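Enquirer: Sequence and predicted model, in that order:
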Amino acid sequence: MTTTTVDPIARRNVWALVFAQAILGSQLAMIFVICGLAGQKLAPNICFATMPISLIVFGSMTTAPWLSNFMQRFGRVPGLFLGALGGAIGAAICAYAMVIESFGLLLLGSYLTGIYMSSQGFFRFAAMDMASDEYKPRAVSYVMAGGLASAIIGPQLGKVSFDWSIFPFTGTYIAAIGLNVVGCLSLLFLKIPVQPHKTTQLVGGRSRVDLLRDPVILVSIICAMVAYALMNLVMTSTPLAVVGCGFTQNQAGDIVMAHVLAMFAPSFVTGHLINRFGVRSVVGSGLGILALAGIVAVAGVDLLNFYGALILLGIGWNFAFIGATSMLATAHSVEERGRVQGMNDFFVFGLVTVASLASGGLMNCSGGDPVTGWTSVNVAMVPFLLIAGIALAWLAGRSRSPQPAQ
């Protein structure tokens with residue numbers, strides 16, 4: 001297909017996905033503010049306060065491989081609907097868990113919410129399905145920019161819905177059910193044909209082991225893993241740290257809102273920056289900004305420090321993660337798409353699961369006060385940033401080296 005025949009369809013899909021990102025994505029911006037606090041209320045041990053968030057991410061990790069294959073076989077739209085259904089059922093179970101004060105049910109509902117989180121991860125790939133190579137970076141950026149609206153809708157709806165019920169946090173989970181229902185409407189406007197069902201398409205291409213031997217795929221996955229995991233590590237502990245340092249839950253929500261805005265606002269220009277300066281430069285800049293976020297966080301626990309650190313965290317995630325996604329998209333064939341994307345998200349959310357579990361332990365159990373815990377969370381970023389930076393530098397050096405003659 002030519003650019004003129006493909007990109008009009010791609011642009012239609014992008015707008016549908018932007019709306020879906022804005023509405024469906026609001027539930028995560030809302031739930032992540034209360035999830036650690038809900039866990040802290042019900043958990044038998046305070047060190048497990050962030051376990052509900054970990055179960056969301058674990059649900060996303062374990063869903064990604066089979067959901068990717070489901071989409072490869074049956075199409076994007078059925079897979080995205082399946083994700084929204086998981087989000088609605090998960091939110092309903094979490095609401096009931098708060099009523100009967102069951103930590104186990106809260107974990108189950110959180111796991112099912114992870115099915116939605118996994119499907120949202122495929123929005124960026126769906127945006128590229130019908131796009132030309134030139135339009136792909138911008139398509140990903142525009143869809144990610146839909147998170148700007150979710151950054152506002154989620155926390156504000158969370159504030160309003162908090163008092164809907166006498167049971168803590170139940171109203172917020174009920175609001176999440178409504179978001180899943182409304183957000184599904186935009187998915188009806190997607191036009192992404194299902195690939196013809198051929199055995200060669202499902203089994204063709206390189207094996208997973210061979211794919212991981214591709215330097216571009218390997219480094220893309222490493223950088224995406226580190227960017228997403230470190231963002232989650234710090235964001236998961238933020239409401240606990242803000243409230244623990246004497247500020248209110250609403251102030252914690254406002255800080256998370258600023259963070260999510262910073263995650264998606266740069267998306268209007270990230271694609272253009274990739275086209276102009278190259279994808280490795282953008283990913284490297286993102287990793288540097290993540291490091292700067294950690295420096296600002298450990299410098300103090302005033303509101304300005306929290307805002308500054310979380311805003312930088314969002315910008316750094318945007319550059320590093322969108323850049324890594326764009327880099328990955330150039331390194332595989334159509335036949336390998338489902339395998340690569342599922343494998344990528346499995347590894348990404350696997351490390352994010354570890355990060356969210358570690359976040360609660362570092363925050364609540366690594367010291368005697370919230371300040372010490374918050375410092376531990378941010379210092380933990382250092383080794384992972386070094387790994388990603390070294391991997392990116394290795395790829396850049398390999399690209400500059402003369403290739404052996406064939």
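Expert: Received the coordinates, thanks.

Enquirer: where does this structure dip in pLDDT?
Expert: 1-6, 128-135, 137, 193-204, 332-335, 338, 367, 399-406 (pLDDT under 70).

Enquirer: Could you rerun that using 50?
Expert: 1-5, 197-202, 403-406 (pLDDT under 50).

Enquirer: Which of the residues in stretch 43-63 are classified as buried?
Expert: Buried residues in stretch 43-63, counted by 16 or more other C-beta atoms under 10 Å: 43, 47-63. Any C-beta I mention is one placed from the backbone N, CA and C, and that applies to glycine too.

Enquirer: So Ser102 is in contact with Lys41, correct?
Expert: No - using C-beta atoms under 8 Å, Ser102 makes no contact with Lys41, being 11.6 Å away.

Enquirer: hang on, isn't Ala358 packed against Val379?
Expert: No - Ala358 lies out of contact with Val379 (C-beta under 8 Å); the separation is 12.0 Å.

Enquirer: picking up where we left off before, identify the contacts common to Ser102 and Lys41.
Expert: Common neighbours of Ser102 and Lys41 are not found (criterion: C-beta atoms under 8 Å, 6 or more residues apart in numbering).

Enquirer: quick one on the thing from earlier: please say which of Ala358 and Val379 ends up with more neighbours.
Expert: Ala358 (21 against 14; other C-beta atoms under 10 Å).

Enquirer: dump the residue contacts of the more buried one.
Expert: 233, 380.

Enquirer: how many neighbours does Leu290 have?
Expert: Neighbour number of Leu290 under other C-beta under 10 Å is 26.

Enquirer: mind checking the SS state of it?
Expert: With DSSP: H, G, I helix; E, B strand; the rest coil as the basis, Leu290 sits in helix.

Enquirer: Give me the spatial nearest neighbour of it, chain neighbours excluded.
Expert: Distances taken as C-beta to C-beta, 6 or more residues apart in numbering place Gly316 nearest to Leu290, at 3.6 Å, with adjacent residues excluded.

Enquirer: Please identify which helix or strand holds the one you found.
Expert: helix 303-329 (DSSP states H and E).

Enquirer: Repeat that for Ser285.
Expert: Using DSSP H and E, Ser285 falls in helix 279-298.

Enquirer: any idea how far Phe346 is from Leu218?
Expert: 14 Å (C-beta to C-beta, to the nearest Å).

Enquirer: Between those two, point out the one with more neighbours.
Expert: Neighbours of Leu218 and Phe346, each counted by other C-beta under 10 Å, are more numerous for Phe346; the result is 20 against 16.

Enquirer: hang on, that one packs against Ala64?
Expert: Yes - counting by C-beta under 8 Å, Ala64 is a contact partner of Phe346 at 5.0 Å.

Enquirer: anything in contact with each of those two?
Expert: Residues touching both Phe346 and Ala64 (C-beta under 8 Å, 6+ apart): there are none.

Enquirer: Run a quick neighbour tally on the closest residue to Met263 other than its chain neighbours.
Expert: Nearest residue to Met263, sequence neighbours excluded (C-beta to C-beta, 6+ apart): Gly314, at 3.8 Å. By other C-beta under 10 Å, the residues close to Gly314 number 26.

Enquirer: list the contacts for Gly314?
Expert: Contacts of Gly314 (C-beta under 8 Å, 6+ apart): 231, 258-265.

Enquirer: That one and Leu212, how far apart?
Expert: Taken as C-beta to C-beta, the span from Gly314 to Leu212 is 29 Å.

Enquirer: Can you check what angle separates the helix holding Gly316 from helix 279-298?
Expert: If you take axes from the mean of the first three to the mean of the last three C-alpha atoms, to 10 degrees, helix 303-329 sits at 160 degrees to helix 279-298.

Enquirer: chain center to helix 303-329: distance?
Expert: 11 Å (C-alpha atoms, centre = their mean, to the nearest Å).

Enquirer: Repeat that for stretch 48-60.
Expert: That offset, for stretch 48-60, works out to 13 Å (C-alpha atoms, centre = their mean).

Enquirer: Stretch 230-242 now?
Expert: 14 Å.

Enquirer: Same question for stretch 390-398.
Expert: The answer for stretch 390-398 is 25 Å, by C-alpha atoms, centre = their mean.

Enquirer: can I get the CA coordinates of it in PDB?
Expert: Below are the C-alpha coordinates for stretch 390-398, written out as PDB (Å, rounded to 0.1, in the frame of the first residue of the first chain):
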ATOM      1  CA  ILE A 390      25.500   0.700  28.600                       C
ATOM      2  CA  ALA A 391      23.200  -1.400  26.400                       C
ATOM      3  CA  LEU A 392      22.300   1.700  24.300                       C
ATOM      4  CA  ALA A 393      25.900   2.800  24.000                       C
ATOM      5  CA  TRP A 394      26.800  -0.800  22.900                       C
ATOM      6  CA  LEU A 395      24.200  -0.600  20.200                       C
ATOM      7  CA  ALA A 396      25.400   2.800  19.000                       C
ATOM      8  CA  GLY A 397      29.000   1.500  18.900                       C
ATOM      9  CA  ARG A 398      28.000  -1.600  17.000                       C
END
